[in-house]
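Chemist: dropping the sequence and predicted coords here.
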Amino acid sequence: MVGAGSWGTAIGAWLARNGHGVRIWDIDQQVINDINESQCNLRYLPDIKLPNGLKGYSSLDSAMRSCATVVIAVPSRVFKPAIQSVAANVHRMDPRTNPVVVWGTKGFASDSGDLLSDVAERVLGNTVVTATIAGPSFAYEVVRGMPTGFDLASTNADNIESIANLFRNQTSLVYTTDDMIGVQIGGPLKCDCHRRRHFRWSWIRDQYTGIADLEGFRGNESTQRGTRRQNRNTDGAIRYGRLATDLQRRLVAQPQAWTRTQ
(Lines give C-alpha, C1' and ligand atoms only; values in the text may rest on other atoms or scores of the structure.)
Protein backbone atom coordinates (compact mmCIF):
# COMPACT_ATOMS: atom_id res chain seq x y z
CA MET A 1 0.00 0.00 0.00
CA VAL A 2 1.60 3.26 -1.16
CA GLY A 3 0.24 6.24 0.75
CA ALA A 4 -0.91 6.36 4.38
CA GLY A 5 -3.23 9.34 4.24
CA SER A 6 -6.88 8.88 5.16
CA TRP A 7 -7.75 7.19 1.87
CA GLY A 8 -4.67 4.97 1.72
CA THR A 9 -5.13 3.90 5.33
CA ALA A 10 -8.81 3.17 4.71
CA ILE A 11 -8.02 0.98 1.70
CA GLY A 12 -5.23 -0.76 3.59
CA ALA A 13 -7.54 -1.50 6.52
CA TRP A 14 -10.24 -2.69 4.11
CA LEU A 15 -7.84 -5.16 2.47
CA ALA A 16 -6.45 -6.29 5.82
CA ARG A 17 -9.95 -7.04 7.10
CA ASN A 18 -10.43 -9.13 3.97
CA GLY A 19 -7.66 -11.38 5.27
CA HIS A 20 -4.73 -10.02 3.26
CA GLY A 21 -1.39 -9.15 4.79
CA VAL A 22 -0.99 -5.44 4.02
CA ARG A 23 2.23 -3.44 4.18
CA ILE A 24 1.66 0.30 4.06
CA TRP A 25 4.39 2.80 3.21
CA ASP A 26 4.45 6.58 3.41
CA ILE A 27 7.08 9.30 3.42
CA ASP A 28 5.71 10.54 6.76
CA GLN A 29 7.65 8.44 9.25
CA GLN A 30 5.52 9.60 12.18
CA VAL A 31 2.38 8.21 10.56
CA ILE A 32 4.13 4.86 10.02
CA ASN A 33 5.30 4.83 13.64
CA ASP A 34 1.78 5.56 14.87
CA ILE A 35 0.33 2.73 12.79
CA ASN A 36 2.84 0.25 14.22
CA GLU A 37 2.91 1.50 17.81
CA SER A 38 -0.64 2.68 18.38
CA GLN A 39 -2.46 0.64 15.73
CA CYS A 40 -3.97 3.94 14.66
CA ASN A 41 -3.31 6.68 12.13
CA LEU A 42 -3.36 9.53 14.61
CA ARG A 43 -2.95 12.21 11.96
CA TYR A 44 -5.69 11.23 9.51
CA LEU A 45 -8.01 8.72 11.23
CA PRO A 46 -7.38 9.30 14.93
CA ASP A 47 -10.43 7.51 16.31
CA ILE A 48 -10.14 4.32 14.23
CA LYS A 49 -8.38 1.19 15.49
CA LEU A 50 -6.67 -0.46 12.55
CA PRO A 51 -6.65 -4.23 11.96
CA ASN A 52 -3.68 -6.37 12.96
CA GLY A 53 -2.98 -7.28 9.35
CA LEU A 54 -1.96 -3.71 8.47
CA LYS A 55 1.72 -3.00 9.15
CA GLY A 56 3.66 0.20 8.48
CA TYR A 57 6.94 0.18 6.56
CA SER A 58 9.54 2.93 6.45
CA SER A 59 11.04 1.85 3.11
CA LEU A 60 9.22 1.07 -0.10
CA ASP A 61 11.68 -1.59 -1.22
CA SER A 62 10.99 -3.56 1.98
CA ALA A 63 7.25 -3.07 1.65
CA MET A 64 7.21 -4.34 -1.93
CA ARG A 65 9.50 -7.33 -1.41
CA SER A 66 7.73 -10.55 -2.46
CA CYS A 67 4.32 -8.88 -2.66
CA ALA A 68 1.86 -9.69 -5.46
CA THR A 69 -0.13 -6.45 -5.64
CA VAL A 70 0.65 -2.78 -5.05
CA VAL A 71 -2.18 -0.32 -4.39
CA ILE A 72 -1.40 3.39 -4.75
CA ALA A 73 -3.51 5.97 -2.92
CA VAL A 74 -1.73 9.31 -3.02
CA PRO A 75 -2.81 12.79 -4.18
CA SER A 76 -2.74 13.17 -7.97
CA ARG A 77 -0.01 15.82 -7.74
CA VAL A 78 2.45 13.19 -6.48
CA PHE A 79 1.11 10.22 -8.43
CA LYS A 80 3.91 10.34 -10.99
CA PRO A 81 6.82 10.21 -8.50
CA ALA A 82 4.94 7.57 -6.52
CA ILE A 83 4.48 5.27 -9.48
CA GLN A 84 8.08 5.90 -10.57
CA SER A 85 9.19 4.67 -7.15
CA VAL A 86 6.95 1.63 -7.56
CA ALA A 87 8.41 0.94 -11.00
CA ALA A 88 11.93 1.02 -9.57
CA ASN A 89 10.96 -1.77 -7.16
CA VAL A 90 8.77 -3.97 -9.34
CA HIS A 91 11.61 -6.49 -9.58
CA ARG A 92 11.22 -7.07 -5.83
CA MET A 93 7.65 -8.35 -6.22
CA ASP A 94 6.75 -12.02 -6.08
CA PRO A 95 8.21 -13.63 -9.24
CA ARG A 96 5.69 -16.46 -9.02
CA THR A 97 2.80 -14.13 -9.71
CA ASN A 98 1.79 -11.69 -12.40
CA PRO A 99 2.52 -8.35 -10.64
CA VAL A 100 -0.47 -6.03 -10.28
CA VAL A 101 -0.51 -2.27 -9.68
CA VAL A 102 -3.84 -0.67 -8.75
CA TRP A 103 -4.42 2.99 -7.99
CA GLY A 104 -7.21 4.65 -6.06
CA THR A 105 -5.94 8.14 -6.86
CA LYS A 106 -8.51 10.55 -8.26
CA GLY A 107 -7.58 13.28 -10.74
CA PHE A 108 -5.18 13.94 -13.58
CA ALA A 109 -1.41 14.32 -13.88
CA SER A 110 -0.57 17.72 -12.42
CA ASP A 111 2.22 18.49 -14.89
CA SER A 112 0.52 17.43 -18.12
CA GLY A 113 -3.19 16.93 -17.43
CA ASP A 114 -2.90 13.36 -18.71
CA LEU A 115 -4.99 10.50 -17.44
CA LEU A 116 -3.21 8.60 -14.71
CA SER A 117 -3.43 5.45 -16.82
CA ASP A 118 -1.34 7.20 -19.48
CA VAL A 119 1.24 8.10 -16.85
CA ALA A 120 1.24 4.52 -15.57
CA GLU A 121 1.68 3.11 -19.06
CA ARG A 122 4.65 5.36 -19.77
CA VAL A 123 6.32 4.55 -16.47
CA LEU A 124 5.49 0.86 -16.07
CA GLY A 125 5.19 -0.24 -19.69
CA ASN A 126 3.87 -3.79 -19.94
CA THR A 127 5.80 -5.12 -16.95
CA VAL A 128 2.70 -5.32 -14.72
CA VAL A 129 -1.08 -5.58 -14.89
CA THR A 130 -2.68 -2.22 -14.09
CA ALA A 131 -6.11 -1.28 -12.79
CA THR A 132 -7.87 1.67 -11.19
CA ILE A 133 -10.60 1.67 -8.55
CA ALA A 134 -13.06 4.46 -7.81
CA GLY A 135 -16.58 4.97 -6.57
CA PRO A 136 -18.92 6.82 -4.23
CA SER A 137 -16.67 6.40 -1.23
CA PHE A 138 -15.55 8.17 1.92
CA ALA A 139 -12.49 7.11 3.91
CA TYR A 140 -14.22 7.25 7.30
CA GLU A 141 -17.01 4.96 6.12
CA VAL A 142 -14.78 2.55 4.18
CA VAL A 143 -12.43 2.11 7.15
CA ARG A 144 -15.45 1.32 9.36
CA GLY A 145 -16.63 -1.37 6.97
CA MET A 146 -19.88 0.38 6.07
CA PRO A 147 -21.65 -0.63 2.81
CA THR A 148 -20.29 0.97 -0.34
CA GLY A 149 -19.69 0.27 -4.01
CA PHE A 150 -16.82 0.72 -6.42
CA ASP A 151 -15.89 0.37 -10.06
CA LEU A 152 -12.64 -1.40 -10.82
CA ALA A 153 -11.35 -0.88 -14.35
CA SER A 154 -8.65 -2.77 -16.20
CA THR A 155 -7.99 -3.65 -19.80
CA ASN A 156 -6.61 -7.02 -18.71
CA ALA A 157 -9.62 -9.30 -18.96
CA ASP A 158 -7.75 -12.33 -17.61
CA ASN A 159 -6.95 -10.72 -14.27
CA ILE A 160 -9.70 -8.21 -13.58
CA GLU A 161 -11.98 -10.49 -11.56
CA SER A 162 -9.14 -11.79 -9.39
CA ILE A 163 -8.10 -8.19 -8.68
CA ALA A 164 -11.68 -7.24 -7.79
CA ASN A 165 -11.91 -10.23 -5.46
CA LEU A 166 -9.11 -8.73 -3.34
CA PHE A 167 -11.54 -5.93 -2.41
CA ARG A 168 -14.90 -7.71 -2.37
CA ASN A 169 -16.61 -8.61 0.87
CA GLN A 170 -20.09 -8.59 2.38
CA THR A 171 -20.28 -4.79 2.53
CA SER A 172 -18.18 -3.79 -0.49
CA LEU A 173 -19.61 -4.23 -3.97
CA VAL A 174 -16.92 -4.04 -6.67
CA TYR A 175 -18.10 -3.88 -10.28
CA THR A 176 -15.63 -4.59 -13.07
CA THR A 177 -15.27 -2.84 -16.41
CA ASP A 178 -12.70 -2.34 -19.14
CA ASP A 179 -13.56 1.37 -19.35
CA MET A 180 -10.43 2.87 -17.80
CA ILE A 181 -11.28 6.31 -19.21
CA GLY A 182 -14.80 6.47 -17.82
CA VAL A 183 -13.78 5.42 -14.32
CA GLN A 184 -10.90 7.90 -14.22
CA ILE A 185 -12.90 10.84 -15.55
CA GLY A 186 -15.95 10.21 -13.39
CA GLY A 187 -14.33 11.15 -10.09
CA PRO A 188 -12.67 14.43 -11.11
CA LEU A 189 -15.72 15.49 -13.14
CA LYS A 190 -17.96 14.86 -10.16
CA CYS A 191 -15.74 17.00 -7.97
CA ASP A 192 -15.66 19.79 -10.53
CA CYS A 193 -19.44 19.76 -10.90
CA HIS A 194 -19.80 19.90 -7.14
CA ARG A 195 -17.44 22.86 -6.80
CA ARG A 196 -19.13 24.75 -9.62
CA ARG A 197 -22.62 23.93 -8.27
CA HIS A 198 -23.78 22.55 -11.61
CA PHE A 199 -25.58 19.74 -9.81
CA ARG A 200 -28.16 19.69 -7.03
CA TRP A 201 -30.29 17.31 -5.00
CA SER A 202 -33.17 15.52 -6.64
CA TRP A 203 -36.29 13.96 -5.21
CA ILE A 204 -35.11 10.51 -6.35
CA ARG A 205 -31.82 10.94 -4.53
CA ASP A 206 -33.69 12.15 -1.46
CA GLN A 207 -35.79 8.99 -1.39
CA TYR A 208 -32.84 6.60 -1.54
CA THR A 209 -30.67 8.68 0.75
CA GLY A 210 -33.45 8.88 3.33
CA ILE A 211 -33.92 5.12 3.32
CA ALA A 212 -30.18 4.51 3.60
CA ASP A 213 -29.78 7.07 6.38
CA LEU A 214 -32.57 5.46 8.38
CA GLU A 215 -30.71 2.16 8.04
CA GLY A 216 -27.56 3.84 9.34
CA PHE A 217 -25.57 3.48 6.11
CA ARG A 218 -24.92 7.21 5.48
CA GLY A 219 -23.18 8.60 2.41
CA ASN A 220 -21.54 5.61 0.72
CA GLU A 221 -24.56 3.37 0.61
CA SER A 222 -27.07 6.12 -0.10
CA THR A 223 -25.19 7.44 -3.11
CA GLN A 224 -24.47 3.92 -4.34
CA ARG A 225 -28.16 2.96 -4.25
CA GLY A 226 -29.28 6.09 -5.96
CA THR A 227 -26.61 6.18 -8.63
CA ARG A 228 -27.21 2.56 -9.61
CA ARG A 229 -30.82 3.57 -10.35
CA GLN A 230 -29.97 6.79 -12.16
CA ASN A 231 -27.03 5.60 -14.20
CA ARG A 232 -28.79 6.18 -17.54
CA ASN A 233 -30.27 9.62 -16.95
CA THR A 234 -27.48 11.88 -18.18
CA ASP A 235 -28.43 13.35 -21.55
CA GLY A 236 -25.21 15.29 -22.14
CA ALA A 237 -22.09 13.16 -21.76
CA ILE A 238 -18.59 14.53 -22.11
CA ARG A 239 -16.71 12.56 -24.74
CA TYR A 240 -13.14 11.65 -23.98
CA GLY A 241 -12.30 8.66 -26.13
CA ARG A 242 -14.75 5.90 -25.31
CA LEU A 243 -16.68 7.21 -22.30
CA ALA A 244 -18.98 4.69 -20.61
CA THR A 245 -22.71 5.21 -21.10
CA ASP A 246 -23.24 4.66 -17.38
CA LEU A 247 -20.74 7.37 -16.40
CA GLN A 248 -23.30 9.17 -14.27
CA ARG A 249 -23.13 6.69 -11.40
CA ARG A 250 -19.42 7.43 -11.15
CA LEU A 251 -20.03 11.17 -10.97
CA VAL A 252 -21.97 11.07 -7.75
CA ALA A 253 -19.87 10.60 -4.66
CA GLN A 254 -21.40 13.62 -2.91
CA PRO A 255 -25.12 14.03 -2.18
CA GLN A 256 -24.98 17.65 -3.41
CA ALA A 257 -23.65 16.54 -6.80
CA TRP A 258 -26.58 14.55 -8.04
CA THR A 259 -28.69 15.72 -10.98
CA ARG A 260 -28.44 18.43 -13.60
CA THR A 261 -29.84 21.79 -12.53
CA GLN A 262 -33.08 22.24 -14.35
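Modeler: Sure thing, it's come through.

Chemist: switch to C-alpha atoms for all contacts and neighbour counts from now on
Modeler: Noted.

Chemist: ranges for the strands of the stretch 51-200 of the chain?
Modeler: 54-57, 69-72, 100-103, 129-134, 148-153, 172-177, 199-200 (DSSP state E, counting those that start in this stretch).

Chemist: need the residue closest to the centroid of this protein.
Modeler: Among the residues of the chain, the smallest C-alpha distance to the mean C-alpha position (C-alpha atoms, centre = their mean) belongs to residue 104, namely 3.0 Å.

Chemist: residue 135 is in contact with that one, correct?
Modeler: No. Residue 104 sits out of contact with residue 135 when judged by C-alpha atoms under 8 Å, with a separation of 9.4 Å.

Chemist: picking up where we left off before, out of the strands of the stretch 51-200 of the chain, which gets nearest to residue 29?
Modeler: Using C-alpha to C-alpha as the measure, strand 54-57 is the one of these that comes nearest residue 29, at 8.7 Å.

Chemist: quick one: the closest one to chain centroid distance?
Modeler: For strand 54-57, the separation from the chain centroid amounts to 19 Å (computed by C-alpha atoms, centre = their mean, to the nearest Å).

Chemist: same thing with stretch 167-185?
Modeler: A distance of 9 Å separates the C-alpha centroid of stretch 167-185 from that of its chain, computed with C-alpha atoms, centre = their mean.

Chemist: check stretch 72-82 too.
Modeler: For stretch 72-82, the distance from its own C-alpha centre to the chain's C-alpha centre is 12 Å (C-alpha atoms, centre = their mean).

Chemist: and stretch 57-76, by the same measure?
Modeler: Remark: stretch 57-76 is offset 15 Å from the chain centroid, using C-alpha atoms, centre = their mean.

Chemist: got the buried residues for it?
Modeler: 57-58, 60-61, 63-64, 66-76 (16 or more other C-alpha atoms under 10 Å).

Chemist: next step: those residues restricted to helices.
Modeler: Applying DSSP state H to the buried residues of stretch 57-76, the entries found in helices are 60-61, 63-64.

Chemist: now pLDDT and distance to residue 155 too, for those residues, in JSON lines please.
Modeler: Shown next, in JSON lines, are those (pLDDT from 0 to 100; distance: C-alpha to C-alpha, whole Å):
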{"residue": "60", "pLDDT": "97", "distance to residue 155": "27"}
{"residue": "61", "pLDDT": "96", "distance to residue 155": "27"}
{"residue": "63", "pLDDT": "98", "distance to residue 155": "26"}
{"residue": "64", "pLDDT": "98", "distance to residue 155": "23"}
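
Chemist: just those residues now: which is nearest residue 39?
Modeler: Set against residue 39, the nearest of these by C-alpha to C-alpha is residue 63 (17.5 Å).

Chemist: touching, the closest one and residue 23? I think so.
Modeler: Yes. Taking C-alpha under 8 Å as the contact criterion, residue 63 and residue 23 are neighbours in contact, 5.6 Å apart.

Chemist: and for those two, which residues touch both?
Modeler: residue 57 (C-alpha atoms under 8 Å, 6 or more residues apart in numbering).

Chemist: residue 20 sits in which helix or strand?
Modeler: Of the helices and strands defined by DSSP states H and E, none includes residue 20.

Chemist: setting the sequence-adjacent residues aside, check what's closest to it.
Modeler: residue 53 (6.9 Å; C-alpha to C-alpha, 6 or more residues apart in numbering).

Chemist: check residue 61 too.
Modeler: In this structure, residue 61 finds its nearest non-sequential neighbour in residue 89, 6.0 Å apart by C-alpha to C-alpha, 6+ apart.

Chemist: and for the one you found, the neighbour number?
Modeler: 16 (other C-alpha atoms under 10 Å).

Chemist: same question for residue 56.
Modeler: Using other C-alpha under 10 Å, residue 56 is surrounded by 22 other residues.

Chemist: for residue 43, same thing?
Modeler: A total of 13 residues lie near residue 43 under the criterion other C-alpha under 10 Å.

Chemist: what of residue 38?
Modeler: Residue 38 has 12 neighbouring residues, counting by other C-alpha under 10 Å.
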